[in-house]
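# got a sequence here, can you model it:
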Amino acid sequence: MEDVRSFSEFPDLHRCLDSAMQRLVAIWDQIGIENDQRKAREAVVLRHVNDLLNDMVGEEDQLRQRLLDNIQKFSIQLFGVTQELHLPVYEPDDSFSVLQLEKKLREKLKELESVKQERHERLLILTTADANLARQLCLGAFLIDSKVTPSLQQLESLEEHIRELEEEKERRQKVFSDVRKKVLQILKELDKKPGSGFEREVVESSLESISLAMDNIERAKSYHDKLAQLLATNKDKVNDLWVKVKALWVRLDMPSDEVKEFEKKVTNYSNHAINELSRELDRCEQLKMLNIQSIVLKLRDELVGWWDRCFVLAEHRMTFRPFDEEPATEEMMLRHEMELQAVKSHYEDNAKIFEKVERWHSLWEQFLALERKARNPDRLNNRGGKLLKEEKARKKLTIDLPKIEQEVTAEIDEYEKSSGKQFLVSGMTFRDYALKEHENFATEKENEKLSRQQQKAKQLEDELMYGCRPLTPGVKRFATPSKCTPGKLRKVDTLLKASIYGSHKNLTNLHSPSLTLSRDKFGPSVPRALNNLGLDPKTTKSDLLRSGGKAFASPFTVGSSSTDTVSSGKSVASGRGNTAVIQNHEYGSEFKRPKIATEPYF
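Numbering: from 1, shown residues only. This next block holds a predicted model:
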């Protein structure tokens, strides 16, 4: 039953066998084969069919066994490859048939073998690059076994190591390139060629061929430092020689053509340049000895200039006795040069302070100039906005002067604190120097004020005593002549009003016997004028006429330390500190002049 059920599963095979047997039986019938022969032939057919089927079954069984063997082999190989590649073990699906399983294992193995090959190729490239970089940088190679399949982490670590080496290579190449550029520049300035061996290699080798070991870079830096030190030494020598040679050229009035020709020959800091400058210096020194007198005179002029820049006091200048000695000698010239060098050094050591002091002095001179302009009456002819410009300049100076003065004081305090020496300007501290300038300005201002008052009083005295005529001709207001005589004109108000405004026009002789007054009191503005003139504000016109002008005779004198007494009709002044007290003995009144300002800026 089972065989039939099994055979029935192959209907095509059943039909094929049935058709073949029917055809054989028909053939046998046609031939006339009987039962015994027919059974023998049927047995042969059955044996052939059975052998064929057995062969087929055997082949298929071999195929099955081969598939099973492959599955086992592939599984073992896959396990090994996954271990080498550091991958998880491949686990196929349980539902796969033998043939499907064998196919999947074979494909997976092929895939992993390809990955393994790629990793080995990648490892070879990376190890080659690492070896080249390590050799150029003189560093150790990355430790990895090239015979073992590397993991992804190992390859990534190797790549990161190579990137670091490349960055280090670029950094070292930049350092070496910079050093080489500096070396080449110094060699050019020194007009020098590199020596043999490593020095020539530094200058001539390419960056790719030269070893970038740290030792080589340090040696290159050391070579550069040695050249830089030599260049600095030569620079000092050349600059020092140039200063001396140019100073001698100036003193000797060397022709410009000769100077330019020599400057073209010396353009660097080589030993050849030093030798050329030394020879030129010797030549100029010889010429200097032949022209001592003219050189000493030039040294004196230059020394005076530097004394002025350093604000050297005249008494200190006089201590330098060779300045006035004659005739000129070599020793005198040397002493002048030493003094000049000392003054120059003092200025250069404190150039910042001196520049600020000069700035303050310049602003102070501008301030004094503006103050003098302010006291000049001609400035009232304001054309082009001069008054506005002067006022703006004055305001700016009142801001800048105290500011720069504070800066100078701070700089000097810092210098004195650090050096322990006192910094003097014209033989005194800067504070005393500035205070003296302020006091001189205040004294000058007060003296000018007193001088103007004395001149004004003298002018009024002369006019009252002797009379005056108008500075401009009078203009008649009417066509008919005036019936009043000139001697009877009332001029007192005009005189006193003129004193208020500082003008003395149209003054007449107050001593005229025919002068008459309509009233005995002055107007309200006259007492202020009398006060300004040092007279009693309560003075009347009658009192003024009775005095015969004596009230204006020497209206005040200034005393400095003690009280001076004079006869009646005169006035005296007593000095009380900075306040001048003026006493008029005829009128028994005192007037005080305000105290001198101590702040020159306001």
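# ok, now which ones touch K352?
Counting by CB atoms under 8 Å, 6 or more residues apart in numbering, K352 makes contact with E411. C-beta here means a position set from N, CA and C on the backbone, and glycine is covered the same way.
# for it, give its distance to M214.
To M214, K352 is 44 Å away according to CB to CB, to the nearest Å.
# would you mind measuring from the residue nearest to the spatial centre of the chain to F423?
The residue lying closest to the centre of the chain (CA atoms, centre = their mean) is K352, at 17.3 Å. Applying CB to CB, the value for K352 to F423 is 12 Å.
# report how many residues lie close to N376.
8 (other CB atoms under 10 Å).
# so what's it up against?
By CB under 8 Å, 6+ apart, the contact list for N376 is empty.
# and the helices in the stretch 151-300 of the chain?
For the stretch 151-300 of the chain, applying DSSP state H, counting those that start in this stretch gives helices covering 152-190, 198-204, 214-252, 256-265, 271-290, 292-309.
# and what of the stretch 301-450 of the chain?
314-318, 330-349, 351-374, 386-419, 430-466.
# what residues of the fourth one count as buried?
By 16 or more other CB atoms under 10 Å, the buried positions in helix 386-419 come out as E390, R394, L397, L401, I404, E405, V408, T409, E411, I412, Y415.
# could you do the second one as well?
Residues of helix 330-349 classed as buried under the neighbour-count rule (16+ other CB under 10 Å) are M332, M333, R335, H336, E337, E339, L340, V343, Y347.
# residues contacting the fifth one?
Residues in contact with E337, defined by CB under 8 Å, 6+ apart, are L299.
# select the longest helix from the chain.
Secondary structure of the chain read by DSSP state H shows that its longest helix is helix 35-84.
# what's it packed up against?
Under the contact definition 3 or more CB pairs under 8 Å, 6 or more residues apart in numbering; DSSP states H and E, helix 35-84 sits against helix 11-31, helix 98-137.
# where in the stretch 351-500 of the chain is pLDDT low?
For the stretch 351-500 of the chain, applying pLDDT under 70 flags the ranges 377-385, 467-500.
# rebuild the helices of the stretch 151-300 of the chain as JSON lines, extending it with distance to R106 and mean neighbour count.
Output for these, formatted as JSON lines (distance: least, CB to CB, whole Å; neighbours: other CB atoms under 10 Å):
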{"stretch": "helix 152-190", "distance to R106": "24", "mean neighbour count": "15"}
{"stretch": "helix 198-204", "distance to R106": "60", "mean neighbour count": "15"}
{"stretch": "helix 214-252", "distance to R106": "54", "mean neighbour count": "16"}
{"stretch": "helix 256-265", "distance to R106": "88", "mean neighbour count": "11"}
{"stretch": "helix 271-290", "distance to R106": "83", "mean neighbour count": "14"}
{"stretch": "helix 292-309", "distance to R106": "101", "mean neighbour count": "16"}
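# redo the ones you listed as TSV? Include mean pLDDT.
Putting these into TSV (pLDDT from 0 to 100) gives the following:
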stretch	mean pLDDT
helix 152-190	88
helix 198-204	80
helix 214-252	89
helix 256-265	88
helix 271-290	88
helix 292-309	85
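# could you dump the helices and strands packed on helix 35-84 into a markdown table and include distance to D191 and mean neighbour count?
Formatted as a markdown table, these follow (distance: least, CB to CB, whole Å; neighbours: other CB under 10 Å):
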| stretch | distance to D191 | mean neighbour count |
| --- | --- | --- |
| helix 11-31 | 107 | 11 |
| helix 98-137 | 33 | 15 |
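# what's the closest of the ones you listed to L290?
Nearest to L290 among these is helix 98-137 (66.0 Å), distances taken as CB to CB.
# so for stretch 57-77, what gets flagged as buried?
Per 16+ other CB under 10 Å, stretch 57-77 contains these buried residues: L67, N70, I71, F74, S75, Q77.
# of all those residues, which two lie farthest apart?
Distances among the buried residues of stretch 57-77 were taken as CB to CB; the most separated pair is L67 and Q77, at 15.4 Å.
# list the contacts of the residue lying closest to Y269 once chain neighbours are set aside.
Ranked by CB to CB, 6 or more residues apart in numbering and with sequence neighbours excluded, the top spatial neighbour of Y269 is N234, at 4.1 Å. Residues counted as contacts of N234 (CB under 8 Å, 6+ apart) are L190, Y269, S270, N271, A273, I274.
# residues in contact with the third one?
So the one you mean is S270. Per CB under 8 Å, 6+ apart, neighbours of S270: E189, L190, D191, K192, N234.
# got it, and the second one?
Listed by CB under 8 Å, 6+ apart, the contact partners of Y269 are E189, L190, L231, N234, K235, V238.
# what about it, distance to M333?
For Y269, the distance to M333 equals 30 Å [CB to CB].
# now the residue nearest to Y269: how far from L464?
Distance, N234 to L464, using CB to CB: 87 Å.
# before we move on, what about F10?
Distance of F10 to L464, given as CB to CB: 169 Å.
# likewise S151?
Separation of S151 from L464 (CB to CB): 125 Å.
# tell me if I'm right that R219 and F198 touch.
Yes. Here R219 reaches F198: they are 6.1 Å apart, a contact under CB atoms under 8 Å.
# if we can go back for a sec, reformat the contacts of N234 as a markdown table; add distance to D145.
Formatted as a markdown table, the contacts of N234 follow (distance: CB to CB, whole Å):
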| residue | distance to D145 |
| --- | --- |
| L190 | 54 |
| Y269 | 58 |
| S270 | 59 |
| N271 | 60 |
| A273 | 63 |
| I274 | 63 |
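# between those residues, which is nearest T127?
Distance to T127 across those (CB to CB) is lowest for L190, with 45.9 Å.
# what does the closest residue in space to that closest one that isn't next to it in sequence show for phi and psi?
Setting aside the residues directly before and after it, L190 is nearest to S270 in space (CB to CB, 6+ apart), at 5.3 Å. Per-residue torsions, S270: phi -80, psi 170 (degrees, to the nearest 10).
# N350 too?
Dihedral angles of N350 (phi, psi; degrees, to the nearest 10) stand at phi -130, psi 40.
# S211 too?
Note on S211: backbone dihedrals following degrees, to the nearest 10 are phi -70, psi 130.
# gap between S157 and E164?
Between S157 and E164 the computed distance is 11 Å (CB to CB).
# same check, this time on I412
As for I412, its distance to E164 is 57 Å (criterion: CB to CB).
# list the contacts for the nearest residue to V296 once chain neighbours are set aside?
Nearest residue to V296 in three dimensions, chain neighbours excluded: A328, at 4.1 Å (CB to CB, 6+ apart). Shown in contact with A328 (CB under 8 Å, 6+ apart): I292, Q293, I295, V296, L297.
# give me the phi and psi angles of A328.
Phi and psi for A328, reported as degrees, to the nearest 10, are phi -70, psi 130.
# and P150, by the same measure?
Dihedral angles of P150 (phi, psi; degrees, to the nearest 10) stand at phi -80, psi 150.
# check the offset of stretch 351-368 from the chain's centre.
Remark: stretch 351-368 is offset 25 Å from the chain centroid, using CA atoms, centre = their mean, to the nearest Å.
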